[in-house]
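Enquirer: Sharing a sequence plus its predicted fold:
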Amino acid sequence: MSNDPFRLPSASRRGFLGAAAALAATGSGLPLIGPAAAKAPLSKTQPAYFYRFMLGTAEVTVVSDGPLPLGDPGTSFLGVPKETVYGMLENSFLPKDNVVLEQNIPIVNFGDRLVMFDTGMGFSKAFGPTTGRLMKSMEEAGIKAGDIDDIVCSHAHIDHIGGICTADGKPLFPNARIHISQTDFDFWTDESKLGSPLKAFIEHARANLLPVRDRIVFFKDQQEFLPGVQAIAAPGHTAGHHIFKVASAGKSFVFLGDLTHHAVLLTENPRLEFAYDSDPKQAVQSRVRLLTMLAQEKTPVMSYHFAWPGFGNLAKAGEGFRYYPAPMQLIPV
Ligand SMILES: [Zn+2]
């Protein structure tokens, strides 16, 4: 035995020298052995785009119409210097160059009725190719379009009524009644506005709402127009914009529609204005009043545009509110 701890026994030396010779023979410096265990193709896939939870005895399935990129937040969120908007995003570890809104669509199964809230962009590609996913998400969730009994629309904007009909005017939900405020229906289907800057919004509202006109039902402020679904007027974003209290067996949430579009920008500072508001000052008033009520009552919120899946709570924080997303539960209850 040698005293040299680094001297290999002769058999090991042969193995070592053999491997070194093979390595040299490749010419590349890489050993002639199989691929590394870590080498696998990137999967470039994500889970199905639905999320399910219970509300009392009702089952809620949130499905997505896909993310909606708004672009430069400095041109959409107004009323303060752009730098303030960018700073709020930076402090929340969010990108400053593009605000991306989700489109979270809750479908509530009350046991005897299936009710869907808002419908996404449909065939419009005004905000790019990532929207219009509603039918695929419903398929992933195992929900058939023909089983939807009621569609409840917060307002008649392009990203809320867009999924009701196909581009050639065929209803996608053949058995559903459509619920919306008459104020919004009248305003956004008004032919005389086709020559105005609202043209794209008017065209899309007409394409989706006029083919189902005979199945549209108008609700009123405070009316429980379906069992467990109450309308609450929240004007400003549009004149007929409403949010909805959804209740089952003593539990409830409020579907926010477009009361606030972003968990940071219009929530932490609810006095910010949004470029797509019909009446920004009135929208601020509705937002402050109703978010204050929801925070005081500790009513959970289901937000259409917050980060997926948009379910959580709001609490008062300084001059605004802080959103606390509820942990996702991925074990069925
Ligand atoms: Zn919206």
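Expert: Thanks, I have the structure now.
Enquirer: CA only for contacts and neighbour counts going forward, please
Expert: OK.
Enquirer: Quick one: the strands in the stretch 51-200 of the chain, in order.
Expert: Using DSSP state E, counting those that start in this stretch, the strands found in the stretch 51-200 of the chain span residues 58-64, 68-71, 77-78, 99-101, 104-109, 114-117, 150-152, 177-180.
Enquirer: Reformat those into a markdown table and put mean neighbour count, mean pLDDT and distance to P129 next to each item.
Expert: Output for these, formatted as a markdown table (neighbours: other CA atoms under 10 Å; pLDDT from 0 to 100; distance: least, CA to CA, whole Å):
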| stretch | mean neighbour count | mean pLDDT | distance to P129 |
| --- | --- | --- | --- |
| strand 58-64 | 24 | 98 | 14 |
| strand 68-71 | 17 | 96 | 9 |
| strand 77-78 | 20 | 94 | 23 |
| strand 99-101 | 19 | 97 | 13 |
| strand 104-109 | 26 | 98 | 17 |
| strand 114-117 | 22 | 98 | 22 |
| strand 150-152 | 24 | 98 | 24 |
| strand 177-180 | 22 | 98 | 26 |
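Enquirer: Please name whichever of the ones you listed is nearest to S278.
Expert: strand 77-78 (13.4 Å; CA to CA).
Enquirer: Listing partners with orientation, what would you give for that closest one?
Expert: Here strand 77-78 has these sheet partners by DSSP bridges: strand 273-274 (antiparallel).
Enquirer: Give me the distance from the strand it pairs with to the chain's centre.
Expert: 19 Å (CA atoms, centre = their mean, to the nearest Å).
Enquirer: Past that strand, which element shows up next along the chain?
Expert: Counting by DSSP states H and E, the next helix or strand C-terminal to strand 273-274 is helix 280-297.
Enquirer: Serialize the strands of the stretch 51-200 of the chain to a markdown table and add fields for distance to H262.
Expert: Below are the strands of the stretch 51-200 of the chain laid out as a markdown table (distance: least, CA to CA, whole Å):
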| stretch | distance to H262 |
| --- | --- |
| strand 58-64 | 16 |
| strand 68-71 | 11 |
| strand 77-78 | 10 |
| strand 99-101 | 7 |
| strand 104-109 | 13 |
| strand 114-117 | 18 |
| strand 150-152 | 21 |
| strand 177-180 | 23 |
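Enquirer: Can you check which of those gets nearest to G320?
Expert: It is, among these and with distance given as CA to CA, strand 77-78, at 15.6 Å.
Enquirer: Which one, of the strands of the stretch 51-200 of the chain, ends up nearest to P270?
Expert: Using CA to CA, those put strand 77-78 closest to P270, at 10.9 Å.
Enquirer: outside of that closest one, which residues touch it?
Expert: Applying CA atoms under 8 Å, 6 or more residues apart in numbering, the external contacts of strand 77-78 come out as 85, 265, 272-275.
Enquirer: ok, now with 6 Å
Expert: 272-274 (CA atoms under 6 Å, 6 or more residues apart in numbering).
Enquirer: Among those residues, which one sits closest to L210?
Expert: Distances from L210 to those, taken as CA to CA, are shortest for F274 (27.7 Å).
Enquirer: For the residue nearest to the closest one when sequence neighbours are not counted, give its distance to G162.
Expert: Once flanking residues are discounted, F274 sits nearest to F77: 4.8 Å by CA to CA, 6 or more residues apart in numbering. Relative to G162, F77 is positioned 23 Å away (CA to CA, to the nearest Å).
Enquirer: sorry, back to before: among the contacts of strand 77-78, which one sits closest to F187?
Expert: So of the contacts of strand 77-78, ranked by how close each gets to F187 (CA to CA), first place is F274, at 19.3 Å.
Enquirer: can you count the residues close to the closest one?
Expert: Applying other CA atoms under 10 Å, we find 23 residues neighbouring F274.
Enquirer: pLDDT below threshold where in the stretch 151-300 of the chain?
Expert: Along the stretch 151-300 of the chain, segments meeting pLDDT under 70 are nowhere present.
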